[in-house]
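Visitor: predicted structure and sequence below. I'll ask about it afterward.
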Amino acid sequence: MTKLLLKLFIKKDLNSQEGRSKAGSLSGIVGIISNIILFTAKIIIGTLSGSVAITADAVNNLTDASSSIVTLIGFKLSEKPADEEHPYGHARFEYLSGLAVAAMIGLIGFELLKSSVLKVLTPEATLFNIPMAIVLLLSVGVKLWLSLFNNFLGKKINSSALLATAADSRNDAISTTAVLIAALVEYFTSWQIDGYVGILVAIFILYSAWNLAKDTISPLLGEAVSEEMQDEISSLLREFPMVLNFHDLMVHDYGPGQRFASVHVEMDKREDPLVCHELIDNIERLALDKLKTHLVIHYDPVTVDDIVLNGYKAEAENILASIDQRLHLHDFRMVECDCHTNLIFDVSLPYDLKGKETEIKSAIQSGMCEKHGKKFYAVITFDPASFNTK
């Protein structure tokens, strides 16, 4: 079914911006139609049977339909090209739509929790019949398919919004199964657990809203680059022998398809600057073509044939390792004076070592002084470890 829908409605490469937009729109339309059908069937069965759990599940489907509408609008708005006021484009509308969906789900979940608690306090008998069982089983099947469908599309286009929708559909299948079990339990045992199951359904809805909110707020706040993205950029840079090292990798996410990054690369200072510049331009073009990332590279010429400098660098690295194995340095330079030597470099500092800067600096200065019997000054810039890998 999934492949048939893709073949009929998406004739573009899913990796392209247009293909991505069509995939998001298809997901929204399929979600709207499926959830409205399920809502209609469940609200009828829930009303006739007097089951607050089924009614709660029906309202959840209506919320899911509304969520699909918001997702559809979000994908449409994210298509808008960059303009003078928004030079980085409008792709973050996809995140904002996810946040709106989370708020809607949370509100409905809270209302359903209240109604379910009232059902526990004032229980009423629930009518069970074959049509009810058929509708609930059909709902479970549809929701499982929607979960697989959105999960497939979400992974194909790397969309956190669609992956969250997939997880929500999976949770709906679980909650509907719980509603069916409650109806069966009451039918065979007369135990009125409908209200309690309604509470569980509401909690599921609230939990989904919380997770969806976290997933959408995190990139809006500026989350750290993922290990996968970090590895992709690192692998690209390592393809070029002239790149001796790199550091200060920063990635800025302006929404799917609008990712910007910057990084410092070290090259032998003896290399022709024009050759280095041409290579950097080529790497930037490859990053945009292969990784869909606008990469800006800062060129750091480094000295590789100075025995004294390399010796001092190795000693400073050993001192850092003795303090904490996670500490490492880059951009190492030195300035020799008559009465002392300045060692100038950056240190990648893990967040849990913040406040230890003076201690680290003193350890390097005293260690170098003791070994060489002369004065050393460490001029250190401490960088967040999240921007650097060993």
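Guide: In hand now; what should we look at?
Visitor: can you give me the strands for the stretch 201-350 of the chain?
Guide: Under the criterion DSSP state E, counting those that start in this stretch, strands of the stretch 201-350 of the chain are mapped to 245-253, 259-268, 293-302, 328-336, 340-349.
Visitor: isn't Leu291 right up against Ile233?
Guide: Yes - under the criterion of C-beta atoms under 8 Å, Leu291 is in contact with Ile233, at a separation of 6.7 Å. For every residue, glycine as well, the C-beta is placed using N, CA and C.
Visitor: have a look at those two and say which one is more surrounded.
Guide: Ile233 (22 against 16; other C-beta atoms under 10 Å).
Visitor: quick one: average confidence on stretch 277-295?
Guide: Mean pLDDT, stretch 277-295: 92.
Visitor: quick one: contacts of that stretch?
Guide: Stretch 277-295 is contacted by residues 15, 229, 232-233, 236-237, 240, 242-243, 251, 257, 259-263, 265, 296-297, 299 when judged by C-beta atoms under 8 Å, 6 or more residues apart in numbering.
Visitor: buried only: go through these for me.
Guide: 229, 232-233, 236-237, 243, 251, 257, 259, 261, 263, 265, 297 (16 or more other C-beta atoms under 10 Å).
Visitor: least confident pick among those?
Guide: When the buried ones among the contacts of stretch 277-295 are compared by pLDDT, Gly257 scores lowest at 65.
Visitor: tell me which residues of the host helix or strand of Ser25 come out buried.
Guide: In the assignment (DSSP states H and E), Ser25 maps to helix 17-49. Buried positions in helix 17-49, judged by neighbour count with 16+ other C-beta under 10 Å: 17, 19-28, 30-32, 34-36, 38-39, 41-43, 45-46, 49.
Visitor: what packs against that helix?
Guide: helix 2-9, helix 52-78, helix 130-157, helix 160-189 (3 or more C-beta pairs under 8 Å, 6 or more residues apart in numbering; DSSP states H and E).
Visitor: tell me which of these lies nearest to Glu111.
Guide: Of all these, helix 52-78 sits nearest to Glu111, with 8.0 Å by C-beta to C-beta.
Visitor: that closest one: which residues count as buried?
Guide: Of all the residues in helix 52-78, those buried under the rule 16+ other C-beta under 10 Å are 52-75, 78.
Visitor: angle of that helix against helix 130-157?
Guide: 30 degrees (axes from the mean of the first three to the mean of the last three C-alpha atoms, to 10 degrees).
Visitor: next SSE after helix 52-78?
Guide: Per DSSP H and E, helix 52-78 leads on to helix 93-121 as the next helix or strand towards the C-terminus.
Visitor: okay, angle between that next one and strand 245-253 too, please.
Guide: Interaxial angle of helix 93-121 relative to strand 245-253 (the same axes, to 10 degrees): 60 degrees.
Visitor: just the buried residues of helix 93-121, please?
Guide: The neighbour-count check on helix 93-121 (16+ other C-beta under 10 Å) flags 93-102, 104-106, 108-109, 112-113, 115-116, 119 as buried.
Visitor: quick one: distance of that helix to the chain centre.
Guide: Centroid separation for helix 93-121 versus its chain: 22 Å, with C-alpha atoms, centre = their mean, to the nearest Å.
Visitor: can you state the direction angle for it and helix 160-189?
Guide: Counting by the same axes, to 10 degrees, helix 93-121 lies at 20 degrees to helix 160-189.
Visitor: mind giving me the packing neighbours of helix 93-121?
Guide: Counting by 3+ C-beta pairs under 8 Å, 6+ apart, helix 93-121 packs on helix 52-78, helix 160-189, helix 194-221.
Visitor: can you list those in a markdown table and add distance to Ile323 and mean pLDDT?
Guide: A markdown table is the format used below for the helices and strands packed on helix 93-121 (distance: least, C-beta to C-beta, whole Å; pLDDT from 0 to 100):
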| stretch | distance to Ile323 | mean pLDDT |
| --- | --- | --- |
| helix 52-78 | 46 | 76 |
| helix 160-189 | 38 | 78 |
| helix 194-221 | 31 | 80 |
